[in-house]
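Trainee: Prediction below, plus the sequence it came from.
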Amino acid sequence: MGGSSFQGKVVLVVGATGGIGAALVHQLLAAGARVIAAARSPERLAMLVSETGQSPQLLVCPTDVRDRLQVGHLLAWAWGRVERIDLAIYCAGIEYLGPLTSIDGKELEEMMATNFYGLFFLVQQLLPLMDKQKEKGTIVWVSSPMARLAFPWASVYAASKAAGDALMTGLRRECWRSGLRLLTLYPGPTATRAGQQLPPERLPRWHEQGQKMRAGRCAELLLRAIAAGQRQRAVTMPLRLLFLLERWLPALSERLCAGMPL
């Protein structure tokens, strides 16, 4: 998928009303794609439609990704209208932070259901559909640096994201000869609403420190990586350097991550 080949493609964006998801929708429409936007809130989907000037290239479908049946309905609904999906981007997610003892059962279930089960439900039901297409499709998992770095007070969130990483890695090997592409991308620190639902005493200082890029810039880098077909990619240079440090100097990486300010 070259840099200009979003033109005319059918793209499903799951988690389309979040900061990065909404930015992806806007940029894909500007690139000439036909976009199917899915998110939990009908009201926020209506706002997205309004923001795009009610573009005829945009279709929206309220979907709770935690529900396998709703994900199946989304795919059946989309297939009935466009009869193919060239690219699916899963960027739905929720982040609860804090000491391990502060994460309650409801928060654990919500993170696993949104960050992992929803991805599983989508991929499991989308792969057979894409396999029928003449031109095989691409599925993109927007992961998190925490899946590999796991800073303090992010252990459970990191686990929910790492589960998605493992799923996509295994599926890439399972679908090696099918022509389907499965990509895992890691955005850098981005200014979004993530963590805003938390009380101040559970928001670690590292989460708010440092300069964060705009959601639009993050979406641009993600689309560039998708166009390049990079199966696993951190989209910023500082993040790539951190991943290299984790791989080649794990003891140093351990000290740096453990020392992140709380």
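Mentor: In hand now; what should we look at? Numbering: from 1, shown residues only.

Trainee: Return the helix or strand in the chain with minimum mean pLDDT.
Mentor: Using mean pLDDT, DSSP states H and E, helix 205-208 stands out as the lowest-scoring helix or strand of the chain, at a mean of 87.

Trainee: just checking, next helix/strand downstream of that helix?
Mentor: Beyond helix 205-208 in the direction of the C-terminus, DSSP states H and E gives the next helix or strand as helix 215-228.

Trainee: List the buried residues for that following helix?
Mentor: Within helix 215-228, the residues that count as buried by 16 or more other C-beta atoms under 10 Å are 215, 216, 217, 218, 219, 220, 221, 222, 223, 225, 226. (C-beta placed from N, C-alpha, C; glycine too.)

Trainee: next one: stretch 208-217
Mentor: Buried residues in stretch 208-217, counted by 16+ other C-beta under 10 Å: 213, 215, 216, 217.

Trainee: how much space is there between the second one and residue 180?
Mentor: Using C-beta to C-beta, to the nearest Å, one obtains 28 Å as the distance from residue 215 to residue 180.

Trainee: ok, the residue lying closest to residue 142 once chain neighbours are set aside - contacts?
Mentor: Take residue 142 and drop its neighbours on the chain: the residue closest to it by C-beta to C-beta, 6 or more residues apart in numbering is residue 91, 3.9 Å away. Residue 91 sits next to 13, 14, 15, 16, 18, 20, 21, 24, 142 when contact means C-beta atoms under 8 Å, 6 or more residues apart in numbering.

Trainee: Switch these over to TSV; also include neighbour count, distance to residue 258 and secondary structure.
Mentor: Converted to TSV, the contacts of residue 91 look like this (neighbours: other C-beta atoms under 10 Å; distance: C-beta to C-beta, whole Å; DSSP: H, G, I helix; E, B strand; the rest coil):
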residue	neighbour count	distance to residue 258	secondary structure
13	32	36	strand
14	26	34	strand
15	25	31	coil
16	28	36	coil
18	21	29	coil
20	25	28	helix
21	26	32	helix
24	30	33	helix
142	28	26	strand
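
Trainee: Need the worst-confidence member of those.
Mentor: Looking at these by pLDDT, the weakest one is residue 18, with 87.

Trainee: and that residue, what does it touch?
Mentor: Residue 18 sits next to 39, 91, 92, 93, 192, 193 when contact means C-beta under 8 Å, 6+ apart.

Trainee: you'd agree residue 234 is up against residue 188?
Mentor: Yes: assessed by C-beta atoms under 8 Å, residue 234 is found in contact with residue 188 at 7.4 Å.

Trainee: so where's the chain shaky on pLDDT?
Mentor: 1-4, 195 (pLDDT under 70).

Trainee: now the farthest one out in it, which residue is it?
Mentor: With distances taken as C-alpha atoms, centre = their mean, the residue sitting farthest from the centre of the chain turns out to be residue 251, at 29.1 Å.

Trainee: Thank you, goodbye.
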